[in-house]
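J.: Here you go, sequence then predicted model.
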Number of protein chains: 2
Amino acid sequence: MRIALDAMGGDFAPAETVKGALLAAKEFDVDIDLVGLPERIELEMGKNGRRSPRVTVVPASEVIAMEEEKIAQAVRTRRDASINVAMSLMRDGRADAVVSAGNTGAVMASALLMLGRIRGIERPALGTLLPYNDGRVFLLDIGANADCKPAYLVQFAQMGSSYMETVLGIHHPRVGLLNVGTEDVKGSDLAQEAFERLRESNLNFIGNVEGINVHKGIADVIVTDGFTGNVALKVAEGIADYILEQVRGVIKSSLLYVSASLLLKPALRRVLKQLQYEEYGGAYLLGVNGVVVIAHGRADASAIKNAVRVAKMAAEGGLVASISASLTAATATAAAQ
Amino acid sequence: MRIALDAMGGDFAPAETVKGALLAAKEFDVDIDLVGLPERIELEMGKNGRRSPRVTVVPASEVIAMEEEKIAQAVRTRRDASINVAMSLMRDGRADAVVSAGNTGAVMASALLMLGRIRGIERPALGTLLPYNDGRVFLLDIGANADCKPAYLVQFAQMGSSYMETVLGIHHPRVGLLNVGTEDVKGSDLAQEAFERLRESNLNFIGNVEGINVHKGIADVIVTDGFTGNVALKVAEGIADYILEQVRGVIKSSLLYVSASLLLKPALRRVLKQLQYEEYGGAYLLGVNGVVVIAHGRADASAIKNAVRVAKMAAEGGLVASISASLTAATATAAAQ
């Protein structure tokens, strides 16, 4: 199992990507191609004072910056950018998955350009495990498609189900539709039409899931358009930060509270850790011809390591083949109806 | 100042509505019409063992239940339902505002039927103060319109601005558009078109606000469509509950933690209280010809009291006249361009 890691992607690259690669190679049974500017990577390797026979440097002469403006154009014209070279390794069968903490738009554009879509997929989608219920709820789309058609949402549900089956081993995962109410006829035109199509599909569709129940684990996969999904995910992230800040704030307001909280620290840290998205590895770009994991832009070495871990799990599980087979099955079901 | 309170609306009506009315009449300078089944209301008054010369019972012979199926039809045909009678008091100038913890759809339908829209308003919207930054961020639409046109969002921004000016006294409130990125050209077709129109408007538009920044107080008013707004609000509510549950869970896991947390209880309670939407009174239905406040279905007496308080503030501030004037100003600006 070989993972191509975009060494230059992320706010703290290549320092944290190199460290993360070394950690992952040590902990998991995995080989890593560190793709990027060789001198920068070598410098970081030197700082770490150790190398690994399982971590190889693959040179790429260009970089796409986190805050780049014309992303699509940059990806198309800078063919030797680290993310493009990483994708080409997977395309050519020399790597089993790609991991990047780089600009999400750049990773998506590069994946589409270098790998293309799985046959039959209308729109690839970004999905992620939510940090609730031990990371056993998969939400998609979280930002690849701001405007969606009902048919896209059905494909998102298929891809999310494939993910939960192959990576987490959940048989016949329950699919919910993010909506503003639990009644069948409810929500936007998009949600109402998607509801009907999901009901007619061969998926294990359990109906609408309201925002207030997203974290409750009543569905294994929750589908929505990329606009709503992105807002929901980010609001949740912001609120979690806010609450923990508030708790810290009141604790600091008195010496008694400070002492009491010292005792509680391990407990609170456990909660905090569970709420960190990084623990669950990042976002998957589903629907392209390959396993692509996008770690958070602020990913540190540990987050990079986790992203490598989940990329490996998806590649081992045969995620791409599973999505492809699920599309064929869906088409057969639709034809039989 | 006279408030018509739907005594029969809410999961705990009329017990909590009657108690809430008595509390409000005692604490604020306000008269309350308790609208509903007289014998039920009188029974609750009796249980409380006290009355108030400022709380009057106004009979209504019918009720619209919380879980009713055909809401619009129920509102149209049951003219003597408590919510309809409350609205008619406002329509006839015998009350200055209506408060209900009843079915949101029923309150909206009744308001449209009995009061109608403010001239020029295309779609009324539901807005609420978020429980962050001391309740100084107003989000709308949170569920009245699942599908929106760009022009609606501009009107939502005008109504939200009028609210912040008249009720919270914020001069020239900053308006943000909920979106998936901070760059100007970003998001769904709806968001992109709304962005342009907001920029051309006479509002204090500050640009896009990402989900992760909703709680940060960078905008006083945040506008979005009713689908996204509802999901965002409810996800936030769910996550807040989840985090507090998790904190409780780890604390219970050890006796040491339990002791430490006893010391911290007042501090944690302060955070908890701040996060309760009920503290901020409920949702406003903006754009109808009258002040309408919808309290949470699970509202207790204290939440009802707070809803009466904010309804009074909006009526005193002249919210309806302010929205009307802001529409006129917007039309004049547009004509001058």
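T.: Sure thing, it's come through.

J.: how's chain A carved up into domains?
T.: Chain A breaks down into these domains under automatic domain parsing: A:2-121+A:287-317, A:122-279.

J.: which SSE is A:G102 in?
T.: In the assignment (DSSP states H and E), A:G102 maps to no helix and no strand.

J.: wouldn't it be in contact with A:I64 here?
T.: Yes. Counting by CB atoms under 8 Å, A:I64 is a contact partner of A:G102 at 6.5 Å. The C-beta positions use only the backbone N, C-alpha and C, and glycine is treated the same way.

J.: Show me whatever sits in contact with both of the two.
T.: Counting by CB atoms under 8 Å, 6 or more residues apart in numbering or on different chains, the common neighbours of A:G102 and A:I64 are A:8-9, A:82-83.

J.: Tabulate those residues (a markdown table), appending neighbour count.
T.: A markdown table is the format used below for the shared contacts of A:G102 and A:I64 (neighbours: other CB atoms under 10 Å in any protein chain shown):
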| residue | neighbour count |
| --- | --- |
| A:M8 | 28 |
| A:G9 | 32 |
| A:S82 | 33 |
| A:I83 | 32 |
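
J.: related to what we said a few turns ago, tell me which of A:G102 and A:I64 has more neighbours.
T.: More neighbours surround A:G102 than the other of A:G102 and A:I64, with 30 against 24 (other CB atoms under 10 Å in any protein chain shown).

J.: who's in contact with that one?
T.: A:G102 touches A:6, A:8-10, A:13, A:64, A:66, A:82-83, A:294, A:297, counting by CB under 8 Å, 6+ apart.

J.: Hmm, A:P59 is touching A:E42, no?
T.: No. Using CB under 8 Å, A:P59 is not in contact with A:E42; the gap is 10.4 Å.

J.: Residue nearest the middle of chain A, spatially speaking?
T.: A:A283 (0.8 Å; CA atoms, centre = their mean).

J.: I'd say it and A:P124 touch.
T.: No. At 11.6 Å, A:A283 does not count as touching A:P124 under the criterion of CB under 8 Å.

J.: What residue in the stretch 1-150 of chain A comes nearest to chain B?
T.: Nearest to chain B in the stretch 1-150 of chain A, going by CB to the nearest CB, is A:A146, at a distance of 4.1 Å.

J.: phi, psi of that residue?
T.: Note on A:A146: its backbone torsions stand at phi -70, psi -30 [degrees, to the nearest 10].

J.: Tell me which residues of the longest helix along chain A come out buried.
T.: If you go by DSSP state H, chain A has its longest helix at helix A:226-252. Neighbour-count burial for helix A:226-252, counted by 16 or more other CB atoms under 10 Å in any protein chain shown, picks out A:226-240, A:242-244, A:246-247, A:250-251.

J.: Could you list the paired strands of whichever strand or helix holds A:A4 along with their orientation?
T.: Assigned by DSSP H and E, A:A4 belongs to strand A:2-6. Here strand A:2-6 has these sheet partners by DSSP bridges: strand A:31-36 (parallel), strand A:97-100 (parallel).

J.: Need the contact partners of the helix or strand just after that strand.
T.: As assigned by DSSP H and E, the chain's next helix or strand after strand A:2-6 is helix A:15-27. Helix A:15-27 has contacts (CB under 8 Å, 6+ apart) with A:3, A:5-10, A:30-32, A:34, A:36, A:41, A:44-45, A:47-48, A:50-52, A:54-55, A:101, A:299-305, A:307-309.

J.: try 6 Å this time
T.: A:5, A:7, A:32, A:34, A:44, A:52, A:54-55, A:300-301, A:304-305, A:308 (CB atoms under 6 Å, 6 or more residues apart in numbering or on different chains).

J.: in it, what counts as buried?
T.: A:15-25.

J.: what residues are up against A:N204?
T.: Contacts of A:N204 (CB under 6 Å, 6+ apart): A:172, A:174-175.

J.: where does the stretch 101-250 of chain A have low pLDDT?
T.: Applying pLDDT under 70 to the stretch 101-250 of chain A picks out residues A:184-185.

J.: Strands of that one, residue ranges please.
T.: With strands called from DSSP state E, counting those that start in this stretch, the stretch 101-250 of chain A shows them at A:125-130, A:137-140, A:174-179, A:204-210, A:221-223.

J.: tilt between the strand holding A:A4 and helix A:15-27?
T.: 170 degrees (axes from the mean of the first three to the mean of the last three CA atoms, to 10 degrees).

J.: which residues sit against strand A:2-6?
T.: A:21, A:30-35, A:82-83, A:86, A:89-90, A:95-100, A:102, A:308, A:311.

J.: cool, stretch A:103-115 as well?
T.: Residues from elsewhere that reach stretch A:103-115, judged by CB under 6 Å, 6+ apart: A:64, A:66, A:71-72, A:75, A:83-84, A:87-88, A:91, A:100, A:285, A:288-290, A:292, A:294.

J.: Any quick ChimeraX command for the buried ones out of these?
T.: Of the contacts of stretch A:103-115, the buried ones can be selected in ChimeraX as follows, counting by 16+ other CB under 10 Å:
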select /A:64,66,71,75,83,84,87,88,91,100,285,288,289,290,292,294
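
J.: In strands, which of the contacts of stretch A:103-115 appear?
T.: Residues of the contacts of stretch A:103-115 located in strands (DSSP state E): A:100, A:285, A:292, A:294.

J.: OK, contacts around the last one?
T.: In this case it means A:I294. A:100, A:104, A:107, A:282-283.

J.: ok, and what's touching stretch A:221-239?
T.: A:138-139, A:141-146, A:148, A:153, A:156-157, A:160-161, A:164, A:173, A:175-178, A:209, B:180, B:188, B:210-212, B:214-215, B:228, B:231-232, B:235-236, B:239.

J.: Would you map the helices across the stretch 51-200 of chain A?
T.: A:71-77, A:82-91, A:104-114, A:150-166, A:189-200 (DSSP state H, counting those that start in this stretch).

J.: Name the stretch among those helices that sits most buried.
T.: Among the helices of the stretch 51-200 of chain A, ranked by average contacts under mean count of other CB atoms under 10 Å in any protein chain shown, first place goes to helix A:82-91 (a mean of 26).

J.: Which other helices and strands does it contact?
T.: strand A:2-6, strand A:31-36, strand A:97-100, helix A:104-114 (3 or more CB pairs under 6 Å, 6 or more residues apart in numbering or on different chains; DSSP states H and E).

J.: So for the first one, what gets flagged as buried?
T.: What that stands for is strand A:2-6. Buried residues in strand A:2-6 (16+ other CB under 10 Å): A:2-6.

J.: As CSV, the residues you listed with pLDDT would be great.
T.: Conversion of the buried residues of strand A:2-6 to CSV gives the following (pLDDT from 0 to 100):
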residue, pLDDT
A:R2, 97
A:I3, 98
A:A4, 98
A:L5, 98
A:D6, 98
